[in-house]
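> Here is a sequence together with a model predicted from it:
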Amino acid sequence: MGQITLKQITKSFGDVQVIPPLDLQIEDGEFVVFVGPSGCGKSTLLRLIAGLEDTSSGEISIDGRDATEVPPAKRGLAMVFQSYALYPHMSVRKNIAFPLRMAGLDKAEQDKKVESAASVLNLTDYLERRPGQLSGGQRQRVAIGRAIVREPAAFLFDEPLSNLDAALRVNMRLEISELHQTLETTMIYVTHDQVEAMTMADKIVVLQAGIIEQVGSPLELYHTPRNRFVAGFIGSPKMNFMMGAFSSEYDATTIGVRPEHISVSPTDGKWKGKVGVSEHLGSDTFLYVDVEGIEDPVTVRSSGEVSFRHGDMIHLTPDPEKIHRFDNQGLRIA
Amino acid sequence: MATQHSRSAARFMMAPAVILLLGWMLIPLTMTLIFSFKKYLPLRGGDLGWVGFDNYVRFVSSSAFWPSVQTTLIIVGGVLLITIIFGVLLSILLDQPMWGQGIVRILVIAPFFVMPTVSALVWKNMFMDPVNGLFAHLWKAFGAQPIEWLSDLSLFSIILIVSWQWLPFATLILLTAIQSLDSEQLEAAEMDGAPPLSRFAFIILPHLSRAITIVVLIQTIFLLAIFAEIFVTTSGAFGTRTLTYLIYQRVLESQNVGLGSAGGVYAIILANIVAIFLMRIVGKNLDT
């Protein structure tokens, strides 16, 4: 079980309110990702759920029981920290066994659980090593192992992949997703990387300045962003925004078009622009096109290889079905 | 070529400092060694010629030798125990956020700046004096008989005075060590269900072990040589004669330079044994 409900949660540090009243419902077995720019309060929110920070007001309940005043150890949650927070003077085995030892389990049972966690995480050969002798990915796995043995109601991850290199990050991303499929336990994952959010989440919570901008499945957020912020934050490369004459045509203050929904033609199209930098990724080409009347270059994603050169004049046409319209409040017009 | 040149130039530049240091160390050491093999009584005939290992045998066989070694070890051990236990506790206390932290930290370090002679005299006259001392007044206030600290509890009194001087040093080093502890480790331990005492025992104390060994090493080297505190308080009476003090008495009070020098050589050997022993522990601790 791992159902978590936040009711009118707030958090202030001194006079600064980092989290205004906030409600959130997390279902059992869900993989929830908190995503947002740095300083948006996502880590604070996670620490409130963990109990490492006290709420200023509001109520947290876990599995229907009020947990607002319950100390972190008693909430039945396990956390994986950004720095992994392994105990450097203990071997991997002792690190993983630490929560069990604190819970007062006998030695044989500790060993059994450590061995099984180690085999799940491919750590069996490293049990006698110290954390200092392990690579970043292995340390990460030890931290996850220490969380698994407690058999928690939910796992909390605080930007666990941000210290790894790009290739390893993709691997660990898959491993964590795989782990979620195996354990079927609730996981709450904090990241500032929208790619991690899109690829891993069942449910994404987009935060800005402590306010939940939108909650939904990755594709919901991609297809129907509730406002301009979510539209710009989800999706890579970023959505293009246009105002003025471009948007009044569609009865909106701002319109947004994703780079993959613009087609390019050398001869005719809706908008005309000059090709700036083009990035060739092999499978795709990202073109940055300067269109008169738009401040930022328009990003266009064309599949395959495109042979436009710097300075070429080209024509762009948005897919009319895929244009997002926003009003003067930045909210989506349905 | 260039590196060869610059290397020899570097050696040339370093030479004066190295020679000065060597001279500073080697001349007194050599003279101590030379005197230790001589019968040298400045007021009773001066240099009376070589006597071989006579001085060494006499120094060890003197009835004052073993008690003085024992006293030295008790003082060093006692001071280490007090400074480390209270140093750890104080550093944890000072690590807590509180009002006026900066001033409190400076005040804690203050005793270290007081000269040993001064602090020992202050303790002797203002605290431990059986008639006018603060402790005497305190005892009398409760109707108790004041303790004659420096004669009845002489060894303990000296340990107390020296500990007071060295506590800031231990606290300072342990405080910086505590501040370098990753707070996420403590939070992880908290989430893992470790109550405060377990967090102290399993996370904080192991983290401090390296700093503690360094404190032990440095303090031992300095504590083996304490002298001023004994000189101004008990003058070596009431069982407070350490090895250092015994050497002083042999040379200046008995005017026997040869015998004192032999004692000095023993002290050098003792200090080196301790140093090698401690270096090994530190080396082992620094490895991990």
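The structure has been received and is ready for your questions. Numbers count the residues shown, from 1 in each chain, chains lettered A, B, ... in the order given.
> Output stretch A:55-63 as PDB, restricted to C-alpha atoms.
Included here for stretch A:55-63 are C-alpha records, laid out as PDB according to Å, rounded to 0.1, in the frame of the first residue of the first chain:
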ATOM      1  CA  THR A  55       4.700  21.400   7.400                       C
ATOM      2  CA  SER A  56       3.600  24.900   8.300                       C
ATOM      3  CA  SER A  57       0.000  23.900   8.000                       C
ATOM      4  CA  GLY A  58      -2.100  21.300   6.300                       C
ATOM      5  CA  GLU A  59      -2.300  17.600   6.500                       C
ATOM      6  CA  ILE A  60      -0.400  14.600   5.000                       C
ATOM      7  CA  SER A  61      -2.000  11.200   5.100                       C
ATOM      8  CA  ILE A  62      -0.400   8.000   4.100                       C
ATOM      9  CA  ASP A  63      -2.700   5.100   3.500                       C
END
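> what's the average pLDDT for that stretch?
When pLDDT is averaged along stretch A:55-63, the result is 89.
> buried ones in that stretch?
Buried positions in stretch A:55-63, judged by neighbour count with 16 or more other CB atoms under 10 Å in any protein chain shown: A:T55, A:G58, A:I60, A:I62, A:D63. Bear in mind the C-beta positions are built from the backbone N, C-alpha and C, glycine included.
> so how far is the helix or strand of chain A with the lowest mean pLDDT off the chain centroid?
The helix or strand with the lowest mean pLDDT-type score in chain A, counting by mean pLDDT, DSSP states H and E, is helix A:245-248 (a mean of 81). A distance of 33 Å separates the C-alpha centroid of helix A:245-248 from that of its chain, computed with CA atoms, centre = their mean, to the nearest Å.
> same thing with stretch B:153-163?
In terms of CA atoms, centre = their mean, the gap separating the centre of stretch B:153-163 from the centre of its chain is 13 Å.
> So for that stretch, mean pLDDT?
In the prediction, stretch B:153-163 has an average pLDDT of 90.
> Over to A:P152: give its phi and psi.
The phi/psi pair for A:P152 (degrees, to the nearest 10) reads phi -80, psi 160.
> Over to A:F13?
For A:F13, the backbone dihedrals are phi -110, psi 110 (criterion: degrees, to the nearest 10).
> Tell me the helix or strand right after the longest helix along chain A.
Using DSSP state H to define each element, chain A has its longest helix at helix A:166-183. From helix A:166-183 onward toward the C-terminus, using DSSP states H and E, the following helix or strand is strand A:186-191.
> can you pull the buried residues of that following strand?
A:T186, A:M187, A:I188, A:Y189, A:V190, A:T191.
> any chance of the residues you listed in JSON lines, with pLDDT too?
JSON lines is the format used below for those (pLDDT from 0 to 100):
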{"residue": "A:T186", "pLDDT": "92"}
{"residue": "A:M187", "pLDDT": "92"}
{"residue": "A:I188", "pLDDT": "93"}
{"residue": "A:Y189", "pLDDT": "92"}
{"residue": "A:V190", "pLDDT": "93"}
{"residue": "A:T191", "pLDDT": "91"}
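> Let me know the closest of the residues you listed to A:L287.
Relative to A:L287, the closest of those is A:T191; by CB to CB it sits at 28.4 Å.
> Run through the bridge partners of the closest one.
Beta-bridge partners of A:T191, counted by DSSP bridges, are A:V35.
> Settle this for me: it is touching A:D158, isn't it.
No. A:T191 is beyond contact range of A:D158, at 9.1 Å (criterion: CB atoms under 8 Å).
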